[in-house]
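Student: Turn this into a structure:
(chains A and B)
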Amino acid sequence: MNEFILPNAWLIPFLPFLGFALIALFFHRWPKISAAISILTIAASFVISVMIATAVFAEEGGAVFEYSVRWLDMSGLQVDMGLLLDPLSALMLIVVTSIAALVQIYSLGYMKDDPGFASYFAYQSLFAASMLGLVIADNFGQMFVFWELVGICSYFLIGFWFGLDSAKNAAIKAFVTNRVGDFGFLLGILFLQIIFGTLKFSGLTEAVPQYTNMALLIPVAILLFMGPMGKSAQFPLHVWLPDAMEGPTPVSALIHAATMVAAGVYLVARAFFIFSSVPEAMMVIAVVGGFTAIFAATIALVQNDIKRILAYSTLSQLGYMMMAMGVGAMTAGMFHLTTHAFFKSLLFLGAGSVIHAMHGEQDIWKMGNLQKKMPVTTWTFIIGALALAGIPPLSGFWSKDEILLGAYASGHYGLYILGAFVAFLTAFYMFRLIFVAFFGSSREGEHAHESPGVMTVPLVILAAAAVSVGFINSPLLHHIFGEFINSPAGIQPHPSNMIMISSSLIALAGIVLAWLIYQKEAVGHLALRNRFKGVYTLLLNKYYIDEIYAKLGEIFVYGGARAMYWFDIHVVNGLVDLVALVTGKSGDTLKYTENGQVQNYAMYMVAGALILVVLATMAAVSVIA
Amino acid sequence: MIGLPHYILLGAVLFSIGVFGVLTRRNAVAVLMSIELMLNAVNINFVAANKFIAVDAVVGQMFSVFVIVVAACEIAVGLALIISINRQRKSVDLNDFNLLKW
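Tutor: Predicted coordinates:
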C-alpha cells in the first residue's frame, strides 16, 4: 500500500482544491451540496493523511519520501515542484486535516442561515488545499506559493462579512502586515537560490551547515525568519491577529489559531537546519518569541472580548513555540504546536458556541452563568482552558513543560523564568474568562441555549484530543513523538521533576488567583482596576502599538508622500515651467529684432556675410602660416 | 600700368558704396539704384577677371550681359512694386513699410 499511497500524496491538497473548484464553478447556488462537497473532500484528505502517517511512522525514526518533477528549466535556474513526506509533514497533515474537517462540520451549525454559506465553504476548501500544499512542499519556492495562498484565504475569510467596516479593515490590515514579513521571506529565499543554487530542503540540508560565510548567512536567516514573524504574528508584526477575529469564529479556530498561524513555526522547524547553524538567528528567534509570549499574555489579562482574549492567548502561545525553536528545542516547539492546535481550536469553537447562543455578543461581562444553560460547551471549554493553562495530565502540560525544560536545559534561564511567568498569566486570564463568562453573576446569559449537535460533537472530539494528545510525548509513552520529530541540531533534554512540579504549581496558582478575584471576589477586580489605573489603561489599549503604527504611518508614509508631492510641485514641475519660461522670455526679448524694417534685415545679412568672410580669412591665414 | 588689383579694388569700392546705400537710404528708389551699383561692381569683376585670367574665353563678358538683363528685369519689377506701394500708402519711405513685425 505504501508504494501506492506515497506518490499519490498530492491528492491531499488536490481534493480540497477540487472541492473548491466544484463549489465555485457549479454548486454555489446550492449551499447544502457545497457544504457536503467541502466536508467530503477534506474528510477524504484526512483519510489519505492517516494512511500516509501510518506509512511514515511505521519505520524506525520515520520514513522520508520525496518525489519531485522539474517545473521550470532554464540555464542557471531549475525549479522543482514536489512532495516531501517525512514525520514533520505527516504530523502537520494529520493536525490540519483533522481540525479542518471538524471545523467545517461545526460550521454547518455556526454558519447556518448565513447568506454566504456556499462561498464560506468554498474558501474553507481553498484554505485547506493551500495549507496542505504548504505542508507537503519540498522546496522553499513551492512553499512560498502556498504560503501566499493561505494568506489570501485568510484575507478572504477575515473579511468574510465585508459589509462591516471593521471586518474589511481587519482583512486589509492582516494582508498588509503579512506583506511586510513576506517581503523579507522572499528576499531570504532569493538569497538561498543565489548562494546555494537550489531551494530544495534536501539539497539545502547538506549545503547550509557546510557554508562558512557567516556574514552572509546571518542576514539570510534573519530575512527568512521575517516570514514566520508575519504569519505567526510575532512582535512587532503581531497587530493583525487580534483584528483577524472579525472573521467568523470557526475561521479563527482553524486559520488564526490552529493551522495558518502555526505555519510560521512549521517553517522554522522545516528550515531548522538553517537557523540552527546561525546562533545569532536562534537568539533573535528565542528573544522575539519570548517577548511576544509575555507581551501578548499581559494584554490578554484585561481584554473583555472573548475572542480577543483567545487571540492574545494564541499570540502568546505562538511566542512560546518560537521561543522553543530559538533555544533549540525543536521537538518541544512542534509538540506544543500540535497540542495547541487541538486545545486552542477547541477554545475558539467553544467561544463560537457561546457567541452563537448569545446572538453575537462577545463581551464576557455580558455573559455570566452560562454553565447551567450550556453544559457541553462549558465543560469542553474548561477542558481546553485547563490544557492551555498546563494542568497535568492534559496535553498543554506536557508540551509547555518541554518548552520550559528546553529553555532551562539550554541555559536560557531568563527565558525560562519569563516562560514560567507567562504560564502563570495564561492560567490567570483563561480562568478569569471562565469565571466571568460561565460562572459570573450577570443574568444576561439566561436566555442562552445549548448549541446543536453539529457544533457540540466537534467540541467533544476536540476536548478528547486536548486531553489525550499530550501523552504522545510524555514519559509514559517513552517520548515517542521526539523519536520521529527531531533535528540533529536540536535538543531533547531529559525530563526534570522539579520543572514539572513547579510549572503545575504555577498554573494552579494562576487559577486560584483568578478564582479569588473573579469568583470569590476576595479582592474586587474593580478595586484592582482603579488601584493600577495606569497599567490597566496601557494594557487595555494594547500598549498603544496600533496607535504608534498609525503615527509612524502618518509620519513616514504621509510624510514621504508629502515630500514627494513637494518635490513634484517644486522641482519636477518647476523644471518644466523653467523651460517654458526661458523659451517665452527669450522670444519676448528677441522679437524686437523683427521690426519689419527691410533694411534692418539686410544689415543682419551683411553682418553675417562679413563674419563669414573674416572667419574664412582667418582660417586661410592659419593654413598658410 | 593698370592691373587686375585696380579693377578688383574699384569693384569692391563700388560694391561697398552699393551696400551702404541699400542699408542707409530711406527712399525705395534710391535703394534700387544702390542695388544697381552692387550689380555693376560684380560686372566689373567678371569682365576684369575675363581680361586678365582667362583671355581667350568670353565667359566673363557673357555673364555680365546676363547680369545686365537680370538687372533690367529687376528694375522693372522693383519700380512696379514701388509705384504700387506708393499708390497704397502715399510714400516711398522704407521706414513706413513695417507691417511685417511682431
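Student: can you map out the helices along chain B?
Tutor: Along chain B, the segments classed as helices by DSSP state H run B:4-24, B:28-52, B:59-89.
Student: likewise the stretch 351-500 of chain A?
Tutor: Assigned by DSSP state H, counting those that start in this stretch, the helices in the stretch 351-500 of chain A fall at A:375-389, A:395-409, A:413-437, A:453-468, A:480-484, A:497-514.
Student: Could I get those helices in CSV, plus columns for mean pLDDT, mean neighbour count and distance to chain B?
Tutor: (Each C-beta comes from the backbone N, C-alpha and C, glycine too.) Formatted as CSV, those follow (pLDDT from 0 to 100; neighbours: other CB atoms under 10 Å in any protein chain shown; distance: least, CB to the nearest CB, whole Å):
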stretch, mean pLDDT, mean neighbour count, distance to chain B
helix A:375-389, 90, 24, 89
helix A:395-409, 88, 28, 88
helix A:413-437, 90, 23, 85
helix A:453-468, 89, 20, 89
helix A:480-484, 80, 20, 94
helix A:497-514, 88, 17, 93
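Student: A:N530: which of these is closest?
Tutor: Closest to A:N530 of the helices of the stretch 351-500 of chain A, according to CB to CB: helix A:413-437, at 17.1 Å.
Student: Packing partners of the closest one?
Tutor: helix A:279-300, helix A:306-326, helix A:375-389, helix A:395-409, helix A:497-514 (3 or more CB pairs under 8 Å, 6 or more residues apart in numbering or on different chains; DSSP states H and E).
Student: quick one: it to chain centroid distance?
Tutor: 22 Å (CA atoms, centre = their mean, to the nearest Å).
Student: what angle sits between that helix and helix A:375-389?
Tutor: Interaxial angle, helix A:413-437 versus helix A:375-389 (axes from the mean of the first three to the mean of the last three CA atoms, to 10 degrees): 160 degrees.
Student: and helix A:413-437 with helix A:279-300, angle?
Tutor: Interaxial angle, helix A:413-437 versus helix A:279-300 (the same axes, to 10 degrees): 30 degrees.
Student: Tell me what angle helix A:413-437 forms with helix A:395-409.
Tutor: For helix A:413-437 against helix A:395-409, the angle by the same axes, to 10 degrees is 160 degrees.
Student: Those residues of chain B touching chain A, which are they?
Tutor: B:19, B:22-24, B:31, B:94-95, B:97-102 (CB under 8 Å from any CB of the partner chain).
Student: Can you turn the buried part of these into a PyMOL selection?
Tutor: Of the residues of chain B next to chain A, the buried ones can be selected in PyMOL as follows, counting by 16 or more other CB atoms under 10 Å in any protein chain shown:
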select buried, chain B and resi 19+22+31+94+97
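Student: which sections of chain B are below the confidence cut-off?
Tutor: B:102 (pLDDT under 70).
Student: let's go with 80 and repeat that
Tutor: B:1, B:98-102 (pLDDT under 80).
Student: for the helices of the stretch 351-500 of chain A, which one sits closest to A:S34?
Tutor: The closest of the helices of the stretch 351-500 of chain A to A:S34 is helix A:453-468. By CB to CB, the value is 15.6 Å.
Student: between the closest one and helix A:375-389, how many degrees?
Tutor: 30 degrees.
Student: Now helix A:453-468 - C-alpha only, CSV.
Tutor: Provided in CSV are the C-alpha atoms of helix A:453-468 (Å, rounded to 0.1, in the frame of the first residue of the first chain):
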residue,chain,number,x,y,z
GLY,A,453,-25.2,18.6,17.8
VAL,A,454,-23.2,19.5,14.7
MET,A,455,-21.4,22.1,17.0
THR,A,456,-21.1,20.1,20.2
VAL,A,457,-19.9,16.9,18.7
PRO,A,458,-16.7,18.5,17.3
LEU,A,459,-16.2,20.2,20.7
VAL,A,460,-16.3,16.8,22.4
ILE,A,461,-14.0,15.3,19.9
LEU,A,462,-11.5,18.1,20.2
ALA,A,463,-11.8,18.0,24.0
ALA,A,464,-10.9,14.3,23.9
ALA,A,465,-7.9,15.3,21.8
ALA,A,466,-6.9,18.1,24.1
VAL,A,467,-6.8,15.7,26.9
SER,A,468,-5.0,12.9,25.2
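Student: Now find how far off-centre that helix is within its chain.
Tutor: 25 Å.
Student: what sits up against that helix?
Tutor: By CB atoms under 8 Å, 6 or more residues apart in numbering or on different chains, the residues outside helix A:453-468 that reach it are A:98-99, A:102-103, A:105-106, A:108-110, A:339, A:342-343, A:345-346, A:349-350, A:352-353, A:356, A:376-377, A:379-380, A:383-384, A:387, A:393-396, A:450.
Student: Report the buried members of these.
Tutor: Buried among the contacts of helix A:453-468 (16+ other CB under 10 Å): A:98-99, A:102-103, A:105-106, A:108-110, A:339, A:342-343, A:345-346, A:349-350, A:352-353, A:356, A:376-377, A:379-380, A:383-384, A:387, A:394-396, A:450.
Student: With respect to B:C73, which of the helices and strands packed on helix A:413-437 lies nearest?
Tutor: In terms of CB to CB, the element of these nearest to B:C73 is helix A:279-300, at 97.7 Å.
Student: The helices of the stretch 351-500 of chain A: which one's closest to A:L223?
Tutor: Using CB to CB, the helices of the stretch 351-500 of chain A put helix A:413-437 closest to A:L223, at 23.4 Å.
Student: now that closest one against helix A:497-514, angle please.
Tutor: Here helix A:413-437 runs at an angle of 30 degrees relative to helix A:497-514 (the same axes, to 10 degrees).
Student: So A:A233 lies in a strand, does it not?
Tutor: No: with DSSP: H, G, I helix; E, B strand; the rest coil as the criterion, A:A233 is located in coil rather than a strand.
Student: count of residues packed around it?
Tutor: Using other CB atoms under 10 Å in any protein chain shown, the number of residues around A:A233 comes to 29.
Student: Please apply the same query to the one 10 residues further on.
Tutor: Residue crowding around A:D243 was assessed by other CB under 10 Å; the count is 21.
Student: For it, give me its contacts.
Tutor: Contacts of A:D243 (CB under 8 Å, 6+ apart): A:158, A:166, A:169-170, A:173-174.
Student: Could you tell me which of those residues count as buried?
Tutor: When these are checked for burial by 16+ other CB under 10 Å, the buried set is A:158, A:170, A:173-174.
Student: For those, work out which two are farthest apart.
Tutor: Maximum distance among the buried ones among the contacts of A:D243 (CB to CB): 8.6 Å, for A:I158 and A:K173.
Student: Take the residues of chain B next to chain A and write them to a markdown table, including distance to A:A329.
Tutor: A markdown table is the format used below for the residues of chain B next to chain A (distance: CB to CB, whole Å):
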| residue | distance to A:A329 |
| --- | --- |
| B:V19 | 104 |
| B:V22 | 105 |
| B:L23 | 103 |
| B:T24 | 107 |
| B:V31 | 108 |
| B:L94 | 105 |
| B:N95 | 104 |
| B:F97 | 103 |
| B:N98 | 99 |
| B:L99 | 98 |
| B:L100 | 95 |
| B:K101 | 93 |
| B:W102 | 89 |
